[in-house]
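Colleague: Sharing a model prediction with you, sequence too.
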Amino acid sequence: MHYVKPAGLGRISTSLVWVLVVILVLLSGVAYRVLASRLKLVVETPIVLAVPLCVFPLEIGNWTGKDVPIPENIQRVAGNDDFLNRLYINESNNEWVSVYVAYTARPRTMLGHRPQVCYVGGGWVRDGTEPSEVVSNMGTRIPCLVHRFHRPAPETGETVVLNFYVVNGQITNDESVFTGLGWRTPNISGDPARYVAQVQISSVLENSVRTAAKDMTEQILDFFPDKNGKVRDQKSEVRNQISEIRKR
């Protein structure tokens, strides 16, 4: 017995295949646009801390602080989820320091925002960097980097920048800890405990930055999740400050 293929069957099958291919291509395009839109939304939506940095104390020991605004265009370039930028003055010994704290749950954005990059980009000349350590008032040992810069002639001026990081609850001065490929992936889950925080304390005198780091570091660390994702200290006083800010 001979099988006779009905006329036109091969042509119809080929047509169906092309129709299915076109449909699949269209569906893939729609799916891509939906996923891309969702990813863009996730990337651009700030991941908030349990306690925002804006309620960091204005008075710490003999230090009194004042917020220093950062232009919005610089904020956009930095891409941080939260930040603090203040000038603190200690009138008891006529010292001052600038305190900058930045938090990002998208660690890849922190890669280009290091003192040796930003200060040089701002016209400073780098004189050197050395690893060091500060011991807080509570006895916490803080590994840090001490950077030194000066302004080129005809300007004058020098600054010392004490810098360290908090990576997923761990204090470090090693920038390579968050430069691997794993840190470049977006934080799609919005996990606030997958983060890098940068702490910079700067002034003209190294003694000033070391004294401020000793006095302020414990309060700074209180705002960031530990390695288990828990915020170490959410005092009722801080919660009350948040409530008052939200009422304004």
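Modeller: Nice, thanks for sending it over. Residues are numbered from 1 along each chain as shown.

Colleague: alpha carbons only for contacts and neighbour counts from here, please
Modeller: Noted.

Colleague: distance of the nearest residue to R126 once chain neighbours are set aside from P115?
Modeller: By the measure of Cα to Cα, 6 or more residues apart in numbering, the closest residue to R126 outside its immediate chain neighbours is F149, 4.5 Å from it. Noted for F149: a distance of 10 Å to P115, by Cα to Cα, to the nearest Å.

Colleague: same thing with N137?
Modeller: Applying Cα to Cα to N137 and P115 gives a distance of 25 Å.

Colleague: The two: who's more crowded?
Modeller: P115 (20 against 14; other Cα atoms under 10 Å).

Colleague: That one and N62, how far apart?
Modeller: 27 Å.

Colleague: Tell me who's in contact with V231.
Modeller: Counting by Cα atoms under 8 Å, 6 or more residues apart in numbering, V231 touches A50, D222, F223, F224, P225.

Colleague: can you rerun that using 6 Å?
Modeller: F224, P225 (Cα atoms under 6 Å, 6 or more residues apart in numbering).

Colleague: What of W63?
Modeller: Y88, I89, N90.

Colleague: And the pLDDT at it?
Modeller: What the model reports as pLDDT for W63 is 97.

Colleague: Not counting sequence-adjacent ones, nearest residue to it?
Modeller: Here the residue nearest W63, using Cα to Cα, 6+ apart, is N90, at 4.6 Å.

Colleague: okay, now the domains of the protein?
Modeller: 1-45, 53-247 (automatic domain parsing).

Colleague: Report the rounded mean pLDDT for the first one.
Modeller: Mean pLDDT, taken over the full extent of domain 1-45, equals 57.

Colleague: what's the answer for stretch 203-210, then?
Modeller: 96.

Colleague: Enumerate the beta-bridge partners assigned to the residue nearest the centre of the chain.
Modeller: Centrality entry for the chain: nearest residue to the mean C-alpha point is T104, 2.5 Å, by Cα atoms, centre = their mean. For T104, the beta-bridge partners under DSSP bridges are V196.
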